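K.L.:
Compute the structure for the input listed below.
(one chain, ligands or ions: 2)
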Amino acid sequence: MIQRIAIIGLGTMGPGMAARLARGGLQVTAYDVAPAAIERARTMLGTAEGVLDALGIAAAGAGTVRFTDDIAEAVAGVDLVIENVPENIAIKAEVYRAIDGLIASDTIVASDTSGIPITQLQAHISHPERMVGMHWSNPPHIIPMIEVIGGEKTAPQIVETIRDLIRSIGLLPVVVKKDVPGFVENRVLYALLREAVDLVERGVIEPEDLDTCVSWGIGYKIAVVGPMALLDMAGLDIYKSVSSFLNADLSNRGDVAPMVLEKTGASKLGIKSGEGMFSYTPEQTKALQAERARKLVAVRRILEGRE
Ligand SMILES: NC(=O)c1ccc[n+]([C@@H]2O[C@H](COP(=O)([O-])OP(=O)(O)OC[C@H]3O[C@@H](n4cnc5c(N)ncnc54)[C@H](O)[C@@H]3O)[C@@H](O)[C@H]2O)c1
Ligand SMILES: Cc1ncc(CO)c(C(=O)O)c1O
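P.N.:
Ligands and ions are numbered 1, 2, ... in the order given. Next up, the predicted model:
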């Protein structure tokens, strides 16, 4: 049974994951190579705990989060390590090498990779049968769905153990049956984002209007009626007719869109740099994040039938 968990990497995702796992009664140690990230994570942890309170998620037992700047201390005696460092195989492999001699051969190592096949990652760790994908969605303390992915060498029992852990703390595991790049959530999301970026880039629509169209025309509905159910709601005959002429006209670009290359080349990365598709002052960012958390909490409570 998993009781002690180490989180390696405390950037965007780590603090919210730590807060949610601790709320589920688990003992979490949290480590980052950058001291500034640890300090930031302490504040983010408090914010995430406030959001969990607002969600009405009661503590299941005496879960804790302990921060450390010592990786050996972070992973000592844990049942599960969740690697949560940047989406770069070399950086992830460095973490696996660093922990390999510090953990037992049956300690489970999960990666929160957004889409690097687990089969590729498990080439960098001894005992690859205990490595698994555990893909959370951002913000991780609010979104309940977590994808679980086994690689070619993952023992089926490890997939089941992680699925059961997620379920046991009241979250929603989805087991992805094939280790395809991007798994399922990001394959669907990136299909949508490719088309959205293309439409804005070609001047078909303004960025603000694209968001209004997708959020209110698709997003609001899709939270209640998933894509497979939506096909039945619309009628497969309609889908057949529209897709017969529309599919061939959709963006099928295999590279990164020029607009994205231009912006990233100018360090316009979005909220984290103050400008991306839109512009943000620090005050606006703070207000926006609080507003988004409040709305996501309210929507989730309704979708769960708790309001
Ligand atoms: N941001 C998202 O929306 C999101 C959602 C789901 C999954 N993910 C995935 O989760 C992982 C982490 O993403 P993020 O957005 O939190 O990244 P991030 O860049 O915000 O944070 C990564 C953290 O890892 C730390 N780090 C780097 N090298 C390290 C090392 N050797 N040891 C310990 N810490 C180290 C950095 O200091 C940083 O604090 C990625 O694989 C990403 O694809 C991201
Ligand atoms: C753009 C984007 N890419 C990856 C992820 C998660 O892996 C997300 C997310 O919201 O979780 C995302 O928005």
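K.L.:
wait, Val78 sits on Ala104?
P.N.:
No: distance between Val78 and Ala104: 9.1 Å, which falls outside the contact criterion (Cβ atoms under 8 Å). Heads up, the C-betas are built off the backbone N, CA and C, glycines and all.
K.L.:
more neighbours, those two?
P.N.:
A direct count of neighbours by other Cβ atoms under 10 Å for Val78 and Ala104 places Val78 higher, at 23 against 11.
K.L.:
Roughly how far does that one sit from Val28?
P.N.:
In this structure, Val78 and Val28 are 9 Å apart, going by Cβ to Cβ, to the nearest Å.
K.L.:
For the two, list the residues in contact with both.
P.N.:
Arg4, Ile5, Ala6 (Cβ atoms under 8 Å, 6 or more residues apart in numbering).
K.L.:
Tell me which residue is most central in the protein.
P.N.:
Among the residues of the chain, Ser137 comes closest to the average C-alpha position under Cα atoms, centre = their mean, at 2.7 Å.
K.L.:
List the residues that contact that residue.
P.N.:
If a contact means Cβ under 8 Å, 6+ apart, then Ser137 has Ile143, Met145, Ile146, Glu185 as its contacts.
K.L.:
And ligand 1, is the helix or strand Leu296 falls within touching that?
P.N.:
Secondary structure assigned from DSSP states H and E places Leu296 in helix 282-303. No: judged by Cβ under 6 Å from any ligand atom, helix 282-303 stays clear of ligand 1, getting no closer than 13.0 Å.
K.L.:
So is that helix next to ligand 2?
P.N.:
No: Helix 282-303 stays clear of ligand 2 (Cβ under 6 Å from any ligand atom), getting no nearer than 11.7 Å.
K.L.:
per-residue pLDDT, the residue of the stretch 51-200 of the chain found nearest ligand 2?
P.N.:
Among all residues of the stretch 51-200 of the chain, Ser114 sits closest to ligand 2, at 3.1 Å; criterion: Cβ to the nearest ligand atom. Model confidence at Ser114, expressed as pLDDT, equals 97.
K.L.:
just checking, it touches Pro181?
P.N.:
No: contact criterion Cβ under 8 Å: Ser114 and Pro181 do not qualify, at 9.9 Å.
K.L.:
Between these two, which has more neighbouring residues?
P.N.:
Between Ser114 and Pro181, counting by other Cβ under 10 Å, Ser114 is the more crowded of the two (20 against 13).
K.L.:
What is the three-state secondary structure of that one?
P.N.:
Taken by DSSP: H, G, I helix; E, B strand; the rest coil, the conformation at Ser114 corresponds to coil.
K.L.:
Packing partners of the strand or helix carrying Ala6?
P.N.:
In this assignment (DSSP H and E), Ala6 forms part of strand 4-8. The elements that strand 4-8 packs onto, with contact taken as 3 or more Cβ pairs under 8 Å, 6 or more residues apart in numbering; DSSP states H and E, are helix 14-23, strand 27-31, helix 71-75, strand 80-83.
K.L.:
can we see that at 10 Å?
P.N.:
Applying 3 or more Cβ pairs under 10 Å, 6 or more residues apart in numbering; DSSP states H and E, we find strand 4-8 packed against helix 14-23, strand 27-31, strand 64-68, helix 71-75, strand 80-83, helix 89-100, strand 108-111.
K.L.:
for the last one, what is the average pLDDT?
P.N.:
Just to be clear, that refers to strand 108-111. Per-residue pLDDT values across strand 108-111 average out to 98.
K.L.:
where's that strand relative to the chain centroid, distance-wise?
P.N.:
Going by Cα atoms, centre = their mean, to the nearest Å, the spacing between the C-alpha centre of strand 108-111 and its chain's C-alpha centre is 15 Å.
K.L.:
again with the longest one
P.N.:
Relative to the chain's own centre, helix 89-100 is displaced by 20 Å; criterion: Cα atoms, centre = their mean.
K.L.:
again with stretch 247-267
P.N.:
Taking Cα atoms, centre = their mean, one finds stretch 247-267 lying 22 Å from the centre of the chain it belongs to.
K.L.:
Alright, that wraps it up for me.
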